[in-house]
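Participant: Here's my sequence, what's the structure:
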Amino acid sequence: MIHGDITNFPVDALVNSANKSLLGGGGLDYIIHKKAGPLMKAECVRLNQEKGGCSTGQAEVTTAGDLPAKYLIHAVGPRWLGGESKEPQLLCDAYSNALMRANEIGAKTVSFPNISTGVYRFPQQLAAEIAIGTICSILPQHDQIAEVFFVCRDAENYLIYKEILSMLDDPKIQIKISSVE
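Facilitator: Below is the predicted model:
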């Protein structure tokens with residue numbers, strides 16, 4: 001297992017847990033915008049002006065700017081509203097679309113944060129099950145991608161991901177976890 005900060009990972013594509021505007025928000029989105037710098041910010045402004053941002057469940061690609069990744073994939077997860085507003089499907093879509101974008105840009109390595117579990121309050125256990133289930137089910141369709149890293153924002157998420165991943169028995173799917181505290 002690897003321990004570190006998702007913004008320091010030298011991967012081809014780093015997934016950002018973005019908001020609909022793509023102009024930065026709180027939590028990880030704020031940190032990524034701050035560390036990535038003005039080139040990435042300019043691309044987000046352009047996407048906001050041209051497309052009106054990014055819909056929930058969708059993903060957009062920009063440069064990673066000053067981060068060690070080649071690209072940033074801004075995936076917009078849902079706010080948790082009790083589970084009756086298609087939140088599980090929208091979260092599944094956010095992971096699926098981010099992975100599809102990674103494949104489209106030829107990324108071999110991709111790192112994912114815990115999308116929607118911070119200020120959007122998606123239940124951590126359910127979010128982890130959706131994240132891992134989605135990635136495991138569609139990863140074989142994306143032959144460009146060799147490794148997927150889940151970078152957990154805290155020890156609680158880390159333990160949830162570790163438990164779920166310990167039950168996987170498909171040797172074709174290799175997913176690593178990193179804990180950021």
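Participant: List the buried residues of the helix or strand encompassing residue 157.
Facilitator: Secondary structure assigned from DSSP states H and E places residue 157 in helix 155-166. Buried residues in helix 155-166, counted by 16 or more other Cβ atoms under 10 Å: 157, 158, 160, 161, 164, 165. To be clear about C-beta, it is placed using only N, CA and C from the backbone, and glycine gets the same treatment.
Participant: pretty sure the fourth one contacts residue 148?
Facilitator: No. Applying Cβ atoms under 8 Å, one finds residue 161 not in contact with residue 148, separated by 11.7 Å.
Participant: Please state the mean pLDDT value computed over the longest helix along the chain.
Facilitator: For the chain, the helix with the greatest residue count under DSSP state H is helix 87-104. Averaged over helix 87-104, pLDDT sits at 98.
Participant: go on, stretch 66-84?
Facilitator: Rounded mean pLDDT across stretch 66-84 is 97.
Participant: mind listing what's buried in the longest helix of the chain?
Facilitator: For helix 87-104, by 16+ other Cβ under 10 Å, it's 87-88, 90-99, 101-103.
Participant: quick one on the thing from earlier: got the buried residues of helix 155-166 as TSV, with distance to residue 28 and pLDDT columns?
Facilitator: Output for the buried residues of helix 155-166, formatted as TSV (distance: Cβ to Cβ, whole Å; pLDDT from 0 to 100):
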residue	distance to residue 28	pLDDT
157	12	87
158	15	86
160	17	92
161	16	90
164	21	92
165	21	88
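Participant: any chance of these in CSV, plus distance to residue 16?
Facilitator: Conversion of these to CSV gives the following (distance: Cβ to Cβ, whole Å):
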residue, distance to residue 16
157, 17
158, 19
160, 21
161, 18
164, 23
165, 22
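Participant: Looking at those, spot the one nearest residue 134.
Facilitator: residue 164 (12.2 Å; Cβ to Cβ).
Participant: what about the spatially closest residue to the closest one that is not a sequence neighbour, neighbour count?
Facilitator: What sits nearest to residue 164 in space, not counting adjacent residues and going by Cβ to Cβ, 6 or more residues apart in numbering, is residue 132, at 5.2 Å. Residues near residue 132, counting by other Cβ atoms under 10 Å, number 23.
Participant: Distance-wise, check residue 12 relative to residue 88.
Facilitator: 28 Å (Cβ to Cβ, to the nearest Å).
Participant: Kindly report the same for residue 135.
Facilitator: Taken as Cβ to Cβ, the span from residue 135 to residue 88 is 15 Å.
Participant: ditto for residue 101
Facilitator: 21 Å.
Participant: Also residue 9?
Facilitator: 27 Å.
Participant: ok, now residue 132?
Facilitator: Counting by Cβ to Cβ, the gap from residue 132 to residue 88 is 13 Å.
Participant: How about residue 143?
Facilitator: Taking Cβ to Cβ, one finds residue 143 at 27 Å from residue 88.
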